[in-house]
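**Q** Take this sequence and fold it.
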Amino acid sequence: MAGVPIPPKTNSSARVNDAESANNPFVYNGSVESESGQGSGVVAEHPNLFFTAAHVVYDEETSKWMAPPLWLGGGGREELSLPPEVVRSMQSRGYFRWSAYAENVDREGQNSPKAFSRDIALAWGLQPFFLGEPAQLDFSGYKNLRKHKDQTMITGYPALLDYTGDPGDGYLHSTTPEFTTFKEASHKYLYATHISTGPGNSGGPVWIDEGDGEWAVAGLLVSGRPSEAGIYSMTTAMKSFLKSAAPAIGGPRKSMKNGPKAIGTSTMRMVLAKPKKIPDGVHRWTKIPFKISRFDEGAKALSITVDLGITTGHRGDLIVALLTPSGEMSILHDGEGAGEDDLVIEDQIVDMEGLDDATANGTWALLVQDRLTGDPTVVTRFELEVLAEK
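**A** From the prediction side, this is the model:
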C-alpha cells in the first residue's frame, strides 16, 4: 500500500526493554564518551576494565589520542531499573591500544580495513565500572565468528537509528540473536552484511552464544552502515592487554613492566612494591625511583597524579618532592602540619608550573627527607600516574 514503509531486510538493532537491561549479557554494556564523541563499551574480564573501539578515543584530524574516556553504565539513564552492581558514571584513568592503529589511520585512513584490524582499546580505572562479576571474553572469537555456527548479536548505544534516523535517546539497543555469516576483510577485522546498527554503537560488544543462556564477548563493533557491520574479533592477543593492565588495577606490587611494544598507552600508573624506610634525621634525599619507557619517543607529560602514604610521628619534619626524568623538581610537602602525624596524599595532581621539560619516558623518583630525629618514617604507599602526549 502507498505510504506504508517497507521494513529493512536486515537484522536491525532495536531498543532493549528495561527488564531485559538488567539481565545477562545486557547489564555489562555502557555508553562511552570522549573528546572525540560518543561510543559504546563493555565491562569484561575484570570489574575495573572496559573495552571500546580505538577510534572512540582517537582524533583522525589532529592525529592525537584523546584523554581517557568516561564510562556511563546503563547509558546513564536513571529511570532504568538496573541492579545495584551497575556503576552509573565513572571516569577511566587510562587505556591501552595497538600502537599500529594510529600508523594505519595516518597511512590509509580511519575507515580502512587495516585501521579496523587494530581498532580496539582497553580502558582501566582505580574503582570498578561494574560491582559484580564481569562479562567473559571469547579468546577464540576470531575463529568462532568465522564458523558462524553459534548465534550472535550486537549491542550498544546508538546516537541515531539507521534507516529511520530517529535518536537513540541513550537507550541500549540490540540486534536479534542470529546465525550471522562473518567474513574476513583484514586479519582480525571481520565483515557481515544484513546487519544494521547505528552511529554511536562503535565499541559495542559482539556477543556469541555459549549455551545455557551464557554469552561471551567475541568481538567489538568498529564500523557499520545500513545493512553492513564490521567487527574487531577477539583472539589470545587480548591476554597481552590484560597483562599490561594488571599492575594498574591491582594492589601494591613491583613497578609496572613496560609490556609488549605493540601495545601503546597514553597513561602509565606505577605502584610501590614494598614499604621504604626513611633515615631518621638525615639531611639528604632518599630516592624511590620508577622507570618508564613505554611512551612514544619524545612524549611529554601532560598531567602527573600522585597517591602517597607515609607513616610518621611528626609530619612537620618531612620534605617530599617529585623528580622528573629531566631533573626538574616539584615539592609535594614542605613541613606543613607540624605536630600532626602521618602524611596522606590522595589523588593529587602535581603542579606543572616550572616543569618546562617534563619528559614522559625515563626515571621518575619520589624524594623524601626526614629532617629531625625521634620519629621513624616509612613510605607505605606511592603510586605515580603519568598522562603523556607525543
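**Q** For stretch 52-61, report the contacting residues that lie outside it.
**A** Contact with stretch 52-61 is made by 32, 34-42, 64-66, 68-69, 95, 97-98, 101-102, 105, 109-110, 115, 118-121, 123, 202-203, 220-222, 232, as judged by CB atoms under 8 Å, 6 or more residues apart in numbering. Placement of C-beta: from N, CA and C, glycine included.
**Q** Now the buried members of those residues.
**A** Taking 16 or more other CB atoms under 10 Å as the criterion, what is buried in these is 32, 34, 36-42, 64-66, 68-69, 95, 97-98, 101-102, 105, 110, 115, 118-121, 123, 202-203, 220-222, 232.
**Q** So what touches the helix or strand where residue 38 lies?
**A** Assigned by DSSP states H and E, residue 38 belongs to strand 37-43. Applying CB under 8 Å, 6+ apart, the contact partners of strand 37-43 are 28-33, 49-53, 56, 69, 71, 123, 129-130, 134-135, 155-157, 159, 200-205, 217, 220-221.
**Q** List the buried residues in stretch 214-228.
**A** For stretch 214-228, by 16+ other CB under 10 Å, it's 215, 216, 217, 218, 219, 220, 221, 222, 223, 224, 227, 228.
**Q** and the two most separated of those?
**A** Greatest spatial distance in the buried residues of stretch 214-228: 216 and 227, 26.0 Å, computed using CB to CB.
**Q** Name every sheet partner of the strand holding residue 38 and say whether each one runs parallel or antiparallel.
**A** strand 29-34 (antiparallel), strand 49-52 (antiparallel) (DSSP bridges).
**Q** okay, now residue 108: neighbour count?
**A** 12 (other CB atoms under 10 Å).
**Q** that older thread, now intersect the contacts of stretch 52-61 with the helices, please.
**A** Residues of these located in helices (DSSP state H): 101, 102, 105, 115.
**Q** which one of the strands paired with strand 37-43 lies closest to residue 327?
**A** Ranking the strands paired with strand 37-43 by their distance to residue 327 (criterion: CB to CB) puts strand 29-34 first, at 33.7 Å.
**Q** Please export the C-alpha coordinates of the closest one as PDB.
**A** C-alpha atoms of strand 29-34 as PDB (Å, rounded to 0.1, in the frame of the first residue of the first chain):
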ATOM      1  CA  ASN A  29      27.100  -2.700  28.400                       C
ATOM      2  CA  GLY A  30      27.700   1.000  28.800                       C
ATOM      3  CA  SER A  31      27.900   4.200  26.800                       C
ATOM      4  CA  VAL A  32      31.400   5.700  26.400                       C
ATOM      5  CA  GLU A  33      32.100   9.400  26.000                       C
ATOM      6  CA  SER A  34      35.400  11.000  25.000                       C
END
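**Q** Sketch out the low-pLDDT regions of this structure for me.
**A** Filtered on pLDDT under 70, the chain yields the residue ranges 1-8, 251-261, 354-356.
**Q** Run through the neighbouring helices and strands of the longest helix seen in it.
**A** Secondary structure of the chain per DSSP H: the longest helix is helix 238-249. Under the contact criterion of 3 or more CB pairs under 8 Å, 6 or more residues apart in numbering; DSSP states H and E, helix 238-249 touches strand 49-52, strand 94-98, strand 121-124, strand 263-265, strand 267-271.
**Q** With residue 170 as the reference, measure out to the residue nearest to residue 228 when sequence neighbours are not counted.
**A** Once flanking residues are discounted, residue 228 sits nearest to residue 193: 5.7 Å by CB to CB, 6 or more residues apart in numbering. Distance of residue 193 to residue 170, given as CB to CB, to the nearest Å: 28 Å.
**Q** Pick out whichever of the two has more residues nearby.
**A** residue 170 (17 against 13).
**Q** sorry, back to before: can you add distance to residue 322 and give the strands paired with strand 37-43 back as TSV?
**A** TSV is the format used below for the strands paired with strand 37-43 (distance: least, CB to CB, whole Å):
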stretch	distance to residue 322
strand 29-34	28
strand 49-52	28
